[in-house]
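> Next come a sequence and a model predicted from it.
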There are 2 protein chains.
Amino acid sequence: MAELQLQSPGKQPTIRDVAELAGVATSTVSRALSNPGRVNHVTRERIEEAAAQLNYIPSSQARGLSSGRTQTVAVLVPDITNPFYFDIIRGAQHQLKAAGYTQLLVDTEESAEMEADALQKMRRSADGFILAASRLTDAQLAEAAAQQPLVTINRAPAIAPTVVIDTPSAIIQALEHLVSLGHTRICFVGGPATSWSNAKRWQAFQEETTERKLTTFSVGPFAPKTTSGAAAADAAAHTGATACIVFNDLLAIGMLQRLRERGIRVPEDMSIVGCDDIFGADFCNPPLTTMASPIEQAGRVAVSMLLSRLNPQYGGTGRRLAVMPTHLTVRASTGAAPVR
Amino acid sequence: MAELQLQSPGKQPTIRDVAELAGVATSTVSRALSNPGRVNHVTRERIEEAAAQLNYIPSSQARGLSSGRTQTVAVLVPDITNPFYFDIIRGAQHQLKAAGYTQLLVDTEESAEMEADALQKMRRSADGFILAASRLTDAQLAEAAAQQPLVTINRAPAIAPTVVIDTPSAIIQALEHLVSLGHTRICFVGGPATSWSNAKRWQAFQEETTERKLTTFSVGPFAPKTTSGAAAADAAAHTGATACIVFNDLLAIGMLQRLRERGIRVPEDMSIVGCDDIFGADFCNPPLTTMASPIEQAGRVAVSMLLSRLNPQYGGTGRRLAVMPTHLTVRASTGAAPVR
DNA sequence: ACATGGATGACAAGCGATTGCCAAAAATTG
DNA sequence: CAATTTTTGGCAATCGCTTGTCATCCATGT
């Protein structure tokens, strides 16, 4: 492929070269390429042949300049190294590529400011945004949503179209599981204060434990990283709880390590339930009981929602909310409550 | 910030609006913004003020169209969900952002074809490319390198500027470690056939084991995923080796799981050494002895090399090769050879 | 006070595509 | 076969910015 690359490397063929070779006007080439059906079948074939021969690739810059669209979607995640997000990233990437879009990945480093900044700086260069676990305030988010098309993941609906992972219901499953194992003193280990998911999980935890008349504790907030696990483990152990429901797997895995160091056995002395079922949850020690969800699918759905908004002609339901189901995956980090 | 957003949402301010507000020509605005020093201090301030007031962001499209540069670099990785790469991605992202560039992330899904395709399709939209663990043949790579600026990571030098992680020397360290533990029958568990790193590691393994007169085996190739670990573990166990040096941590972690299932104890019956020290290597069971390297730094260095090529005026050494040091991190997956 | 040179900033020509408009050609109809 | 409709494809304006060219202006040296 690409054998007759005789032009000097720097010179890319333009639409004019193609038009000349095919013996038509540039506008015809443009239409043949981006709006087939508007051009004669034979002519189009001739044009496509010429384009292929020249190894012509339209300049997305020029295309964007005149059409106003960039065929690009920016995906903002708080932490690129958090395995939770790369399933989202991959899901989004798949769906975007299928639709001929390019993905712009931005790591906002858990900072609302960087997030707002990226949103602002890229508003010209992206047709739309996917905000995964946005750290923005409701007001900031509303403002951003007013300026450009965006879809959020794990964020309050109503402000913008959103894909939520139904962790509250997973919390209930987790509590049921723990109660059935005899636990009555349960601790919630909280994630970032600005995380909407965290708030929802905490809320579900409170409601459910109150109803079941369980003794509860809570510690946190902690950064959602394994390195915060030590502090979280110490705090949780100090409460006297026999089981913990942890904001996410990263934190839970960090706790596992610390508890082991301290000689607190999991699950004999303390049961741990994580959330997300990320890469690593199945091979840590002990393997983590966790609330699993179709994260990659969440990424795909978010993109679909965004694209149907960007290209209303393709139809699409235009729904503003998608809820992803979750289920508890029981592994070895939960067990019967210790006898007192 | 951005309080007087009175324009209708769709209409972005252009350079003309800024020029008008500041009372100068558009060209002056352009120069003031992208080439300060070419414009009077006071005038520039006035322009900057006007720009800020209008919340003006230059269109990267238009800018790219006339300048020929896109201020964008594409980073191609074989598998976005492989933790090894996200350190590279993050390193690259940091360095790119610092230089005012945008990162385009592409997951080539371990496919040489997708890689070549992306390289081709994006040649107009990116100023340069970073190819992490390229799966291209030497010929394809040479062709690509002739068409556009690119830097490879973990790929033969000479064809293009490269950042290599010095795993061969790490292999030697690993062998030394295993020999000192009494192992004499060692198996190399190979990664993808198209991986240059794999070839280099295998070569180093062979040379060193020959010199030390060790009994060696090799199995593979295997896909670098935990799911391939089962097959790899079975094959390795079958050889009768007492220790394995595994292409990467992903595969090694997969093997760990399988060996456990089969009742083969690690490290009592079999020692395992991984490579890369990825996320998870420290908390798997048992924690993995592995060859660690500054992966994020590799990403940063690759970007630096690329940028100094794209912007020769900024100087930069223009070196074509950077070697990242590695060292063995001993954890619990290696131990004394079993007594026969 | 005059010539000189360096800053400064206005003008206008592109960059490579898209797209509205319209004329020519082809297909359809009565 | 003429009249009408539908297709087809060319012209040229336009998108927002960069940049080469050149006139103007001011500070400097003599």
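Everything's here; your move. Residues are numbered from 1 along each chain as shown, chains lettered A, B, ... in the order given.
> contacts and neighbour counts: CA atoms only from here.
OK.
> Any idea what the residue in the stretch 151-300 of chain A that DNA strand C sits nearest to is bridged to?
Nearest to DNA strand C in the stretch 151-300 of chain A, going by C-alpha to the nearest atom of the strand, is A:V151, at a distance of 23.9 Å. In this structure, A:V151 bridges to A:I130 when assessed by DSSP bridges.
> Counting neighbours, what do you get for it?
Neighbour count of A:V151, defined by other C-alpha atoms under 10 Å in any protein chain shown: 30.
> Equivalent analysis for the one 5 residues further on, please.
With neighbours defined by other C-alpha under 10 Å, the count for A:A156 comes to 17.
> Then A:A145?
A:A145 has 19 neighbours, counted by other C-alpha under 10 Å.
> mind listing what it touches?
A:I159, A:A160 (C-alpha atoms under 8 Å, 6 or more residues apart in numbering or on different chains).
> In a helix, A:S197, correct?
Yes - secondary structure of A:S197 (DSSP: H, G, I helix; E, B strand; the rest coil): part of a helix.
> which residues of the stretch 201-340 of chain A score low on pLDDT?
Applying pLDDT under 70 to the stretch 201-340 of chain A flags the ranges A:313-317, A:340.
> try 90
A:220, A:309-320, A:339-340 (pLDDT under 90).
> Strands along that one, start to end?
A:215-219, A:243-246, A:271-276, A:289-292, A:321-324, A:327-329 (DSSP state E, counting those that start in this stretch).
> Now do the same for the residue of the stretch 151-300 of chain A closest to DNA strand C: its pLDDT.
Looking at A:V151, its pLDDT stands at 96.
> one step back: redo the strands of the stretch 201-340 of chain A as JSON lines? Include mean neighbour count and distance to DNA strand C.
JSON lines is the format used below for those (neighbours: other C-alpha atoms under 10 Å in any protein chain shown; distance: least, C-alpha to the nearest atom of the strand, whole Å):
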{"stretch": "strand A:215-219", "mean neighbour count": "17", "distance to DNA strand C": "54"}
{"stretch": "strand A:243-246", "mean neighbour count": "30", "distance to DNA strand C": "50"}
{"stretch": "strand A:271-276", "mean neighbour count": "28", "distance to DNA strand C": "41"}
{"stretch": "strand A:289-292", "mean neighbour count": "26", "distance to DNA strand C": "43"}
{"stretch": "strand A:321-324", "mean neighbour count": "18", "distance to DNA strand C": "30"}
{"stretch": "strand A:327-329", "mean neighbour count": "20", "distance to DNA strand C": "45"}
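> Identify whichever of those strands lies nearest to A:A52.
When the strands of the stretch 201-340 of chain A are compared by C-alpha to C-alpha, strand A:321-324 sits nearest A:A52, at 41.5 Å.
> residues from chain A in reach of DNA strand C?
Applying C-alpha under 7 Å from any atom of the strand, one finds that chain A approaches DNA strand C through A:12-16, A:26-31, A:33-34, A:57-59, A:62-67.
> Which entries in those are shared with the contacts of DNA strand D?
Within the residues of chain A next to DNA strand C, those near DNA strand D by C-alpha under 7 Å from any atom of the strand are A:T26, A:S27, A:T28, A:A62, A:L65, A:S66.
> Report the buried members of the residues you listed.
The neighbour-count test (16 or more other C-alpha atoms under 10 Å in any protein chain shown) marks A:T26, A:T28, A:A62, A:L65 as buried among those.
> thinking the first one is in contact with A:A32, fair?
Spelled out, that is A:T26. No - the pair A:T26 / A:A32 is not scored as a contact, 9.7 Å apart, by C-alpha atoms under 8 Å.
> Please give me every residue in contact with A:A112.
So A:A112 contacts A:S134, A:R135, A:L136, A:T137 (C-alpha under 8 Å, 6+ apart).
> at 10 Å instead, please
Applying C-alpha atoms under 10 Å, 6 or more residues apart in numbering or on different chains to A:A112 gives the contacts A:P78, A:A118, A:S134, A:R135, A:L136, A:T137, A:Q140, A:T194.
> For these, give me JSON lines that also has distance to chain B.
JSON lines is the format used below for the contacts of A:A112 (distance: C-alpha to the nearest C-alpha, whole Å):
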{"residue": "A:P78", "distance to chain B": "12"}
{"residue": "A:A118", "distance to chain B": "11"}
{"residue": "A:S134", "distance to chain B": "19"}
{"residue": "A:R135", "distance to chain B": "17"}
{"residue": "A:L136", "distance to chain B": "14"}
{"residue": "A:T137", "distance to chain B": "14"}
{"residue": "A:Q140", "distance to chain B": "10"}
{"residue": "A:T194", "distance to chain B": "20"}
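> before we move on, back to that, what distance do you get for the residue of the stretch 151-300 of chain A closest to DNA strand C to A:C244?
Computed with C-alpha to C-alpha, to the nearest Å, the distance linking A:V151 and A:C244 is 32 Å.
> Counting neighbours, what do you get for the closest residue to A:M255 other than its chain neighbours?
Once flanking residues are discounted, A:M255 sits nearest to A:G229: 4.2 Å by C-alpha to C-alpha, 6 or more residues apart in numbering or on different chains. Number of residues near A:G229 (other C-alpha under 10 Å) recorded here: 26.
> Next, the contact list for A:G229, please.
A:189, A:222-223, A:235, A:246, A:249-259.
> Among the residues you listed, which one sits closest to DNA strand D?
A:A223 (38.8 Å).
> burial count for the closest one?
Applying other C-alpha under 10 Å, I find that A:A223 has 19 neighbouring residues.
> and what of A:A158?
Neighbours of A:A158 (other C-alpha under 10 Å): 10.
> before we move on, what SS does it have?
coil.
> So what's the residue count around the nearest residue in space to it that is not next to it in sequence?
Leaving aside its sequence neighbours, A:A158 sits nearest to A:R320 (C-alpha to C-alpha, 6+ apart; 7.8 Å). Applying other C-alpha under 10 Å, we find 18 residues neighbouring A:R320.
> Start from the N-terminal end of the stretch 201-340 of chain A and give the helices.
Along the stretch 201-340 of chain A, counting by DSSP state H, counting those that start in this stretch, helices occupy A:229-239, A:249-261, A:295-310.
> Helix, strand, or coil at A:F188?
strand.
> For the residue in the stretch 51-200 of chain A positioned nearest to DNA strand C, what are phi and psi?
Of all residues in the stretch 51-200 of chain A, A:P58 sits closest to DNA strand C, at 3.3 Å by C-alpha to the nearest atom of the strand. A:P58 has phi and psi values of phi -60, psi 150 when expressed as degrees, to the nearest 10.
> Same check on the one 5 residues further on?
With angles defined as degrees, to the nearest 10, A:R63 sits at phi -60, psi -50.
> burial count for the residue of the stretch 51-200 of chain A closest to DNA strand C?
19.
> what about it, distance to DNA strand D?
14 Å (C-alpha to the nearest atom of the strand, to the nearest Å).
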